[in-house]
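Enquirer: Structure of the sequence below:
(2 chains)
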Amino acid sequence: MTAPSFRASGRIRTVRIGGTPADGGSRGEAVEVGGETCLPFHRFEGEMPLRPVVAWEIPDSTPVDWCETLREPYAGVFDDPVAWARFAVERGARLLCLDLRGAAADKGNRSAAESADLLRRLLGAVKVPLIVKGPGPGERQNEVLTACAEAAQGERLLLASAVEEEYKTLVAAGVAFGHAVTAETPIDVNLCKQLNILMTDLHFPPDSIVIDPLTGGLGYGLEYTYSVMERIRLQALGGDEMLQMPFICFVGAESWKVKEVKVPEEREPSWGDRARRGVLWEITTAVSLLHAGAAVLVMRHPAAIAAVEKAIDGLMEGTEPQRAQRTLRMG
Amino acid sequence: MKAHRVKFLPSGGEIAVRDGSTVHEAAAALGIPIRAECGAQGRCGRCVVKVESGDAPPTPHPALPDERQARGYRLACLLRVAGDLVVSVPDESLLPAAGVDFETVILAEDDAKRRDALAGLVPSSPLRRIPLELPPPTLDDNIDDRERVCRALRAAGVRGEPRVGLSSLRRMPAVLRGSGWKAAADVFAGRHGPEIVSIRPVDAPGPWGLAVDLGTTTVVAEIVDLATGACLRRAAAYNRQLSCGADIISRIVAASREGGAGRLRELALETIHAILDRLCRHAGIGPDDISAAAVAGNTTMVHLLLGLPAEQIRIEPYIPVVNRYPVLAAAEVGLGIDPSAPVLLAPGIGSYVGGDVLAGIIACGMHRAGETILFIDAGTNGEIVLGNRDWMMGCACSTGPAFEGVGIASGMMASPGAVEAVAIPSRDAAPSIVTIAGGPARGLCGSGMIDLMAQLFLRGLVDRRGTLDPGSGCPRIADRGGHRAYLVREEGEEGAARDIHLTDVDLKKLLRTKAAIQSAIRTLLRCADLEEGEIARIVIAGRLGEAIDAANAAAIGMLPPLPLERFSYVGNGSLWGANMLLLSGEKGGEILSLADRITYIDLSTHPRYMDEFIASLFIPHTDAVGK
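Expert: Coordinates of the predicted model:
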C-alpha cells in the first residue's frame, strides 16, 4: 500500500534576516528562514530547504523577573547586554533577539536614543543578525523601534511586533530602512491573514513579514496555537499567498512565566527538581511548535537551546518521520 | 417609601418616583422615549440628560468626559433619583420619531411593491361580511337575537354552528335595532367553524383589516379593505421597545427582568396603537371598525407582543414557546380594534427566523422555482433563506439596527431628507448625494451608509478594517465628538440641513452589520455546497430595499458580486405576508405549509460561523485577497 502524500501548490516565502556588507550592513552572515513546500519536516512530501533557527533572548536591562534557574547560567553577564550577546554567540548563537523591555514606562523608561545606542553597541560587538523586540504596541514602541530601525539601516533587522491596531509606523520604518517586521495576531487564522494584507497594502514586501501567531507555554493554550499554525500552514501551502510567511514563536518568555517552572520542589515534591523542570518545559514548548511549523524560536535557557538545536538537527537529518522521532528520543 | 419628583424639560412632564429609581425609568413611565441601545444597562452612553437642578452624583462613562459631567450631564440609566430633580433631555438622546411625511412619501413608494407582491392574489379573506335578511322579532317569531342572526347566516349559506364572542353579543342588540334590522355579520372562517366577529349596520364601510409588520426597530402597519385587497392607508413608527435595547437579545434580557415582559408587551402595543391612531384618523374610521388583524414579525417580537416568556429563545438549545400561533382574539392580545377580531400571526421557523420572511419567499416564488434563489431580509434581525422548489434552508443573524438609523451619529430612518445615495468623485471632493424626496439632507439612511462605506473604501479613505485613514490628508476627515469622522456635509454647506458625518465608531458598527450578513450568506452557501455564482437570483426585502446599490454593497462584501440583473427587490415582505394572511385563506395556508419546508440552520452553534464572521470583518473579505 502506498501512503497518501500531500502535495502543496504553494511555497512559504523565504525571509532573510541580517544585512551583510553587500547589503550595506555589517553582519557576518544572514539567516534565512522559510521556503517550505511541505508540512514541517515532511521532506518526503516536498522541500524544507532551511533549518529552523533558535534566537537567544538578550534583555536590554537586568531582567529582575527572571527566575533562579534562568539567572544561574548567565551569572557573569546578567547586567550587561553586550557581554550577554557575546556569551550567546560564543555558545553557537546564529541569531539574537534584543528585548527592549527597559523602554517601557514602568520598566526603566529608557529613551529611544538610549535604546538605539545599545543596539549600535550590540551590532558592533557581534556579527550575527538581530531581532529587535519593542516594549509592546503603542506610542513608545513606535518611537523606540523607529529609532532602532534608523540606527541599523542596512542591517536588516527583524522588528517585533506589528499588531492590527498599531502596524503602520513599524511598516513605514521597515520600508524606509529595509528591515523585516513580525506580524502578531491573537491565535486566529483570519486575523493573521488580515494583518498581512493590511501590511502589504502599504507596499510592504510580503517576504519581509514573519508571522507571530502568539502562543502560550506548554499547558497554557499551546495546543490552540498548534492547531491555528497548522491551519495557517495548510492554507498557505494550498496557495493562499497572504499566509505564506514563516512563523516566529516567543517560546522563552511564555515557558518561563508558568507556575510549573516557578514552584520549588519543597512545595511540590512530586514535580521534581525545579531547574530541570523549567528547562524541560521550555524544550517541550519549543519542540511542539517546531512541529507546528515554527521557523524562529526565541528562547532563554542555554541547556534548553542546546537540546532544541539537537532536536532540529535530528528532524532535519531524517527524511522519514520515524527516524526523526528516534533521534529526538536519543537527544 | 420615600418618593421624589422628577421634571423633564423641554416637555415639562413631571412624575413622582420611588427613591433609588433611575431617571431613565422615570422618563419611560412618562412615555418620554430616551434612547437606550443597550437596554438601559449603562453601556451604550446614548441616554445623556442634563441636570438643571437637584442632587445628581456623577455617572462615569467613556461617552461622558469629566468636563461634560462638570456641566451637569449624566446618563439617565445610571442616575438614581435621591431627591427632587429637574433634567433636560437633549434631542440627540431622544429616539427619532417618524414623521407624517415619512408615511406619505416613503410608504407611497411601497405601493408598487405591494402590487407586485400581491399580484395574482384573488381576495378571498377568511373574514367575510355577510348581509343578513333579518325579520324583526315578533311574539310569534320570538327566538333570541343570536339565534336570529345564525338563522340568517344559515340561509346565506354559512355552514356549521357559528360561535359568537361575549363582546360581540354585548353589542349585538343595539346594532340590530339601531340599524332597523338591516345588518351584516363579519364572519371569520375559523379552524373549528365560523365565528361571528361582529354585527354591523349593513351599510357600514369595510370590512377592514389591520396588517402589521412588527420589526425590531421599525413597525409598519396598514389598513386593508378585506373585500378588495386595497390598502387604505399605511404608517410607520420606531418600535418603542427601543428604549429597552436595540437588538433582540437585549430585549429578551429586559423582558426576563421582573415586570419586564409586561412592560415590553405594553411598549409593543403602544407602538402599534400610535400607528393605528394615525391610520384611523387619516382614513376616517374608528379602531372598532377593524374586524381582523395579521401580524408578521420575528420569533422574539411576536413572543414579546403576546407576553410569552422569551428567555428560552436566548438560552441553549434556543426553544421558543410556540412557532405556530393559534388564532387569538384582539381582546386577548390587547390590540385596540374590535375586541372579537381574530389576530392572525405568521408562523415562525426555528428560534430566530420569523413569519416575516415567509411572505417574501412566496412573493419571489422561491418555493416554486427550479433555479436557486437567495432571499435576504436585512432588518435588525437579519433573516436569510436559500433554496428552490426542492429544498430551502434559512438562518438568522444579528445585524443590529444601524441600517435603520439607530446607533449611528448621523443615522436616520429612510424618510424625507435622508441621504439614500452617495458618490465620492475624488478623494478630496465633496461627495455628491441624493436625498429622499430631494429636500435638504438631514442624515444617513441604510442605503446611504452602504454607499458611503463602499465609496470611502474605493477612494482609499477607509482601510480594509473600516478605519478612516488619518494620513490621507483628505480635507473632509475631521474630528466629530472626539472621533475621526468623514464629513458628508458640514452644517451650512449647500444642500445640508445639518452636519452629516460618519465616524470611525459608526464604521465599526457598519462593518459588523455587513459582516453579519456576509458571513450568514457564506455559511448557508457552504451548508448547501454552492458557490456564489450558482445563485440565480438575489431577492432583497426590507426597508433597505431598492435604494441599495448592489455594486457598492458587493464592493464592501455585504452581497455576493453578481451581475446587477440578478438582483430584485420585494419591499416590505413582512407586511405583504401579513396582507396575505388577511386576504387569502389559500395564501395563508401556503405560508403555514412553507414554514415546515424550511430547514433552520442555527448559526450560533454552527462550527464555521464564527470563523466566517471574523473573516468577514474585513473589506471586502479576508479571502478576497491572496488567493
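
Enquirer: For chain A, name the helix or strand with the lowest mean pLDDT.
Expert: Taking mean pLDDT, DSSP states H and E as the measure, chain A has helix A:321-330 as its least confident helix or strand, at a mean of 47.

Enquirer: Can you name the residues bridging to residue 131?
Expert: In the absence of a named chain, chain A is used. A:C97, A:L158 (DSSP bridges).

Enquirer: actually chain B
Expert: B:A184.

Enquirer: what's near enough to touch residue 189?
Expert: By default, I'm working from chain A. Applying C-beta atoms under 8 Å, 6 or more residues apart in numbering or on different chains to A:V189 gives the contacts A:228, A:231-232, A:235, A:243, B:611. No exception for glycine: its C-beta is placed from N, CA and C like everyone else's.

Enquirer: look at chain B instead
Expert: Contacts of B:A189 by C-beta under 8 Å, 6+ apart are B:126-128, B:585.

Enquirer: which SS class is it?
Expert: strand (DSSP: H, G, I helix; E, B strand; the rest coil).

Enquirer: about what we covered before: let me know the closest of the contacts of B:A189 to chain A.
Expert: The nearest member of these to chain A, counting by C-beta to the nearest C-beta, is B:G585 at 49.3 Å.

Enquirer: and the helix or strand hosting A:N190, what's its mean pLDDT?
Expert: Using DSSP states H and E, A:N190 maps to helix A:189-201. Helix A:189-201 carries an average pLDDT of 96.

Enquirer: residues of that helix that come out buried?
Expert: Buried residues in helix A:189-201, defined by neighbour count with 16 or more other C-beta atoms under 10 Å in any protein chain shown: A:189-200.

Enquirer: With distance to B:S53 as new columns, can those be given to me in CSV?
Expert: Putting those into CSV (distance: C-beta to C-beta, whole Å) gives the following:
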residue, distance to B:S53
A:V189, 57
A:N190, 53
A:L191, 50
A:C192, 56
A:K193, 56
A:Q194, 51
A:L195, 52
A:N196, 57
A:I197, 55
A:L198, 51
A:M199, 55
A:T200, 59
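
Enquirer: Quick check: of the residues you listed, which lies closest to B:D19?
Expert: A:L191 (48.5 Å; C-beta to C-beta).

Enquirer: Tell me who's in contact with the nearest residue to A:V263 once chain neighbours are set aside.
Expert: Take A:V263 and drop its neighbours on the chain: the residue closest to it by C-beta to C-beta, 6 or more residues apart in numbering or on different chains is A:W271, 6.6 Å away. Taking C-beta under 8 Å, 6+ apart, we find A:W271 in contact with A:260, A:263, A:265, A:277.

Enquirer: Are any of those residues buried, and if so which?
Expert: By 16+ other C-beta under 10 Å, the contacts of A:W271 give A:260, A:277 as buried.

Enquirer: farthest pair in the contacts of A:W271?
Expert: Top of the distance list for the contacts of A:W271 (C-beta to C-beta): A:E260 and A:E265, 11.9 Å.

Enquirer: how close does the nearest residue to B:R35 once chain neighbours are set aside get to chain A?
Expert: Leaving aside its sequence neighbours, B:R35 sits nearest to B:R46 (C-beta to C-beta, 6+ apart; 4.0 Å). Between B:R46 and chain A the computed distance is 25 Å (C-beta to the nearest C-beta, to the nearest Å).

Enquirer: Could you report the distance from B:R46 to B:G411?
Expert: Look at B:R46 and B:G411: by C-beta to C-beta, to the nearest Å, they are 12 Å apart.

Enquirer: Looking at the two, which one has more neighbours?
Expert: B:G411 (25 against 22; other C-beta atoms under 10 Å in any protein chain shown).

Enquirer: Would you confirm that that one contacts B:G405?
Expert: Yes - in this structure B:G411 lies within contact range of B:G405 using C-beta atoms under 8 Å: 3.7 Å.

Enquirer: Run through the residues that contact B:R74.
Expert: B:23, B:48-51, B:56, B:58-59, B:64, B:87.

Enquirer: Including secondary structure, distance to chain A and neighbour count, could these go into TSV?
Expert: Formatted as TSV, the contacts of B:R74 follow (DSSP: H, G, I helix; E, B strand; the rest coil; distance: C-beta to the nearest C-beta, whole Å; neighbours: other C-beta atoms under 10 Å in any protein chain shown):
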residue	secondary structure	distance to chain A	neighbour count
B:V23	helix	36	28
B:V48	strand	28	20
B:V49	strand	33	27
B:K50	strand	34	17
B:V51	strand	36	18
B:A56	coil	36	22
B:P58	coil	28	14
B:T59	coil	28	22
B:L64	strand	24	17
B:V87	strand	37	24
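
Enquirer: got these as JSON lines, with pLDDT columns?
Expert: Supplementary listing: the contacts of B:R74 in JSON lines, determined by pLDDT from 0 to 100:
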{"residue": "B:V23", "pLDDT": "91"}
{"residue": "B:V48", "pLDDT": "87"}
{"residue": "B:V49", "pLDDT": "91"}
{"residue": "B:K50", "pLDDT": "91"}
{"residue": "B:V51", "pLDDT": "92"}
{"residue": "B:A56", "pLDDT": "87"}
{"residue": "B:P58", "pLDDT": "87"}
{"residue": "B:T59", "pLDDT": "86"}
{"residue": "B:L64", "pLDDT": "78"}
{"residue": "B:V87", "pLDDT": "92"}
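
Enquirer: who's in contact with the residue nearest to B:G585 when sequence neighbours are not counted?
Expert: The shortest distance from B:G585 to any non-neighbouring residue, by C-beta to C-beta, 6+ apart, is to B:P126 (4.6 Å). With contact set as C-beta under 8 Å, 6+ apart, B:P126 has these partners: B:188-190, B:292, B:342, B:344, B:585, B:588.

Enquirer: Mind doing that once more with 10 Å?
Expert: By C-beta atoms under 10 Å, 6 or more residues apart in numbering or on different chains, the contact set of B:P126 is B:187-191, B:195, B:209, B:226, B:292, B:294, B:327, B:342, B:344, B:581-586, B:588-589.

Enquirer: got it, and B:I601?
Expert: Here B:I601 is in contact with B:350, B:353, B:384-386, B:393-396, B:520, B:523-524, B:527-528, B:609 (C-beta under 10 Å, 6+ apart).

Enquirer: let's see it at 8 Å
Expert: Neighbour list for B:I601: B:393-395, B:523-524, B:527 [criterion: C-beta under 8 Å, 6+ apart].

Enquirer: same check, this time on A:P137
Expert: Applying C-beta under 8 Å, 6+ apart, the residues near A:P137 are A:161, A:163, A:165-166.

Enquirer: What about these, which are in helices?
Expert: With DSSP state H as the criterion, helices contain none of the contacts of A:P137.

Enquirer: Export those as JSON lines, with columns for neighbour count, distance to A:S26 and pLDDT.
Expert: What follows is the contacts of A:P137, written out as JSON lines (neighbours: other C-beta atoms under 10 Å in any protein chain shown; distance: C-beta to C-beta, whole Å; pLDDT from 0 to 100):
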{"residue": "A:S161", "neighbour count": "25", "distance to A:S26": "25", "pLDDT": "96"}
{"residue": "A:V163", "neighbour count": "20", "distance to A:S26": "30", "pLDDT": "97"}
{"residue": "A:E165", "neighbour count": "10", "distance to A:S26": "34", "pLDDT": "91"}
{"residue": "A:E166", "neighbour count": "16", "distance to A:S26": "29", "pLDDT": "93"}
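
Enquirer: Among those residues, which lie within strands?
Expert: A:S161 (DSSP state E).

Enquirer: now, the most widely separated pair of the contacts of A:P137?
Expert: The widest separation within the contacts of A:P137 (C-beta to C-beta) is 11.6 Å, between A:S161 and A:E165.
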